[in-house]
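K.L.:
model this:
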Amino acid sequence: MLPNFYKKRHRIFLIQDNVGYHKKSETYLWFNSNRKYIEVTNLPPYSPEFNAVEKIWNYTRKNCTHNRYFETKEYLCNAIFENFKDIQNNLNKIMNLLKPFFKYYVE
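P.N.:
Model (predicted):
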């Protein structure tokens, strides 16, 4: 699958956090077998401030799930998906959260 996304003389750079499944032997084997296409860099342990997705999850918890009861897992998932759809349609809601991750920020 990866070669389909790979452009000649270009590399894919993956920056990942230290979640447990990123360190499994199967993952390392896959990365090693695809080294031609992808370069993996791990963030330092316990450094969510370097991981942009942590800002999105925090926003989602505050605006979507915090102090709310969901009767079923489906209701919870639907609420989260609606939140993500809202973010996609209104990026200005999260741009201030992501400013530190952009070298240049355009308003």
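K.L.:
can you map out the helices along the chain?
P.N.:
2-5, 25-33, 52-60, 73-89, 92-98 (DSSP state H).
K.L.:
Would you mind finding the most buried of those helices?
P.N.:
Using mean count of other Cβ atoms under 10 Å, the stretch among these with the greatest mean number of neighbours is helix 52-60 (a mean of 15). To be clear about C-beta, it is placed using only N, CA and C from the backbone, and glycine gets the same treatment.
K.L.:
which one of the helices of the chain has the lowest average pLDDT?
P.N.:
When the helices of the chain are ranked by mean pLDDT, helix 2-5 comes last with a mean of 60.
K.L.:
Out of all residues in the protein, which is the farthest from the middle?
P.N.:
Glu71 (27.0 Å; Cα atoms, centre = their mean).
K.L.:
Reformat the helices of the chain as TSV; add distance to Gln16.
P.N.:
As requested, the helices of the chain are exported to TSV (distance: least, Cβ to Cβ, whole Å):
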stretch	distance to Gln16
helix 2-5	15
helix 25-33	9
helix 52-60	10
helix 73-89	20
helix 92-98	18
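K.L.:
what's the domain layout of the chain?
P.N.:
2-47, 51-101 (automatic domain parsing).
K.L.:
Report how many residues lie close to the nearest residue in space to Tyr46 that is not next to it in sequence.
P.N.:
Once flanking residues are discounted, Tyr46 sits nearest to Asn18: 8.0 Å by Cβ to Cβ, 6 or more residues apart in numbering. The number of residues packed around Asn18, counting by other Cβ atoms under 10 Å, is 13.
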